[in-house]
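1. sequence and predicted structure below; questions after.
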Amino acid sequence: MSSKTVKDRLTETIRLLKQVLDLGIAETDPGYQDLKKQLSDWVKSEDKHVKEHVVEFYRYGRRGILTLPWKHGRAAEFLLKAPSSQSS
């Protein structure tokens, strides 16, 4: 299976960032800025491994799991989760 091109990765990056903004996450939020940096690094990378990152959105009480594949056939994905609460 062939590697994703820079154009492929850029298209997926734009899609993910727009979707996060559509959820109401502020562009100035530190979590959004971290997400944007991780995606920007991925677009420029020639690394041939799937990358996973955890992105914290403290203001929103959420954690995002970012999965960045390098092969065609699997899209980049971002799963926004509410952390489970620990009750004593």
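-> The structure has been received and is ready for your questions. Residues are numbered from 1 along each chain as shown.
2. helix, strand or coil for the most centrally placed residue in the chain?
-> Residue closest to the average C-alpha location in the chain (C-alpha atoms, centre = their mean): residue 66, at 3.9 Å. Secondary structure, DSSP: H, G, I helix; E, B strand; the rest coil: residue 66 is strand.
3. nearest spatial neighbour of it, skipping sequence neighbours?
-> Excluding the flanking residues, the one nearest residue 66 by C-beta to C-beta, 6 or more residues apart in numbering is residue 53, at 4.4 Å. Bear in mind the C-beta positions are built from the backbone N, C-alpha and C, glycine included.
4. pLDDT below threshold where in this structure?
-> The model of the chain has pLDDT under 70 over residues 1, 84-88.
5. hey, where'd the strands end up in it?
-> 51-57, 62-68, 77-81 (DSSP state E).
6. strand partners (parallel or antiparallel) of the second one?
-> Translated: strand 62-68. strand 51-57 (antiparallel), strand 77-81 (antiparallel) (DSSP bridges).
7. could I get those in a markdown table, plus columns for distance to residue 20 and mean neighbour count?
-> A markdown table is the format used below for those (distance: least, C-beta to C-beta, whole Å; neighbours: other C-beta atoms under 10 Å):
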| stretch | distance to residue 20 | mean neighbour count |
| --- | --- | --- |
| strand 51-57 | 9 | 16 |
| strand 77-81 | 7 | 14 |
